[in-house]
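Trainee: Sequence and predicted structure, then a few things I'm wondering about:
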Amino acid sequence: MSSPKVLFGFHAVGVRLKTAPQSIIEIYYEATRRDARMRQFLDRAREAGARLIEADSVRIAKLAGSHGHQGVAARVEPVAQVTSLDELLENLEAAGIEQPLLLVLDGVTDPHNLGACLRVADGAGAHAVIAPKDHAVGINATVAKVASGAAETMPYFMVTNLSRTLNELKERNIWCIGTSDDAPKTVYQVDLKGPVALVLGAEGDGMRQLTRKTCDELVSIPMKGAVESLNVSVASGVCLYEALRQRT
Ligand SMILES: C[S@@+](CC[C@H](N)C(=O)[O-])C[C@H]1O[C@@H](n2cnc3c(N)ncnc32)[C@H](O)[C@@H]1O
């Protein structure tokens, strides 16, 4: 998981304040915003000892590289993170977590989709999100904003060869379940209680052939209306929350 140097929006900066306040160099805020949300945010920032700097909307937009900053942006240091998937899986094993839940995204390129996937992965208690290095979006400021703080908490690993990584997961007894709207079995018919990697495809073409072939099995989400498929982040949510339901 790599960190952007600038975070913006109440969620993204708020989560950093909660999880690693010492990594915040300074927070820029729009002094003309005096609403309750801004007041609460500033109270929390002061409690955490953050350095606050008044700025106007234009300056914050320039810093954030976006106008969707809600009047808040922070310059941050990267926080110490797990650096590899192997390290994460070993840490989970050492912590006695025997049923990792992983989300694999085969080529999601839209930062809004990745942000939404990270957010739902965090919500459902997944342990990591994995993507290929090529043809996939990395963590950037837009992803962090859409993820509403989850880009700060959810390990995101970009791997050189996705099918090789899936094979390595299989060697660790992690069951790789691919998703495709044409699979005869539904996600509600498979056991998601064990160690599982849920594999989702790209926005347009779905999973690549090799990824599809490498999965242990394929499942679909029932589609009862006229459209053929769901947005990848919605499909991630359905599958991850089915896993959580089965595990709870
Ligand atoms: C927009 S869909 C891509 C649709 C593409 N035509 C395909 O063949 O998969 C993006 C991803 O979301 C997941 N997805 C969306 N709808 C799904 C469904 N009904 N069943 C299973 N997976 C689905 C799949 O992982 C898919 O690759």
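Mentor: Okay, I see it.
Trainee: From the ligand, how far off is the nearest residue to Asp110 once chain neighbours are set aside?
Mentor: Nearest residue to Asp110 in three dimensions, chain neighbours excluded: Glu203, at 5.9 Å (CB to CB, 6 or more residues apart in numbering). Using the backbone N, CA and C atoms, a C-beta is placed for each residue, glycine as well. Going from Glu203 to the ligand by CB to the nearest ligand atom, to the nearest Å gives 5 Å.
Trainee: Just the element for the residue of the chain most remote from its centre, please.
Mentor: Within the chain, Thr32 marks the point farthest from the mean C-alpha position, 32.2 Å out by CA atoms, centre = their mean. Assigned by DSSP states H and E, Thr32 belongs to neither a helix nor a strand.
Trainee: What does the pLDDT read for the nearest residue to it once chain neighbours are set aside?
Mentor: Of all residues not flanking Thr32 in the chain, Asp56 sits nearest, at 7.6 Å (CB to CB, 6+ apart). Asp56 is assigned 95 on the pLDDT scale.
Trainee: do the same with Leu192
Mentor: pLDDT, Leu192: 98.
Trainee: what residues are up against it?
Mentor: Applying CB atoms under 8 Å, 6 or more residues apart in numbering, we find Leu192 in contact with Leu101, Ile177, Leu198, Cys239, Glu242, Ala243, Gln246, Arg247.
Trainee: Test my guess that the fourth one contacts Leu198.
Mentor: So the one you mean is Cys239. Yes. Contact criterion CB atoms under 8 Å: Cys239 and Leu198 qualify, at 4.8 Å.
Trainee: joint contacts of these two?
Mentor: Ile177, Thr179, Leu192.
Trainee: Return the subset of those lying in strands.
Mentor: The strands, defined by DSSP state E, take in Ile177, Thr179 from those.
Trainee: Keep the shared contacts of Cys239 and Leu198, but drop any that are not near the ligand.
Mentor: Applying CB under 6 Å from any ligand atom to the shared contacts of Cys239 and Leu198, one finds that Thr179 fall near the ligand.
Trainee: returning to that earlier point: count of residues packed around the residue nearest to Asp110?
Mentor: Other residues lying near Glu203 total 14 when counted by other CB atoms under 10 Å.
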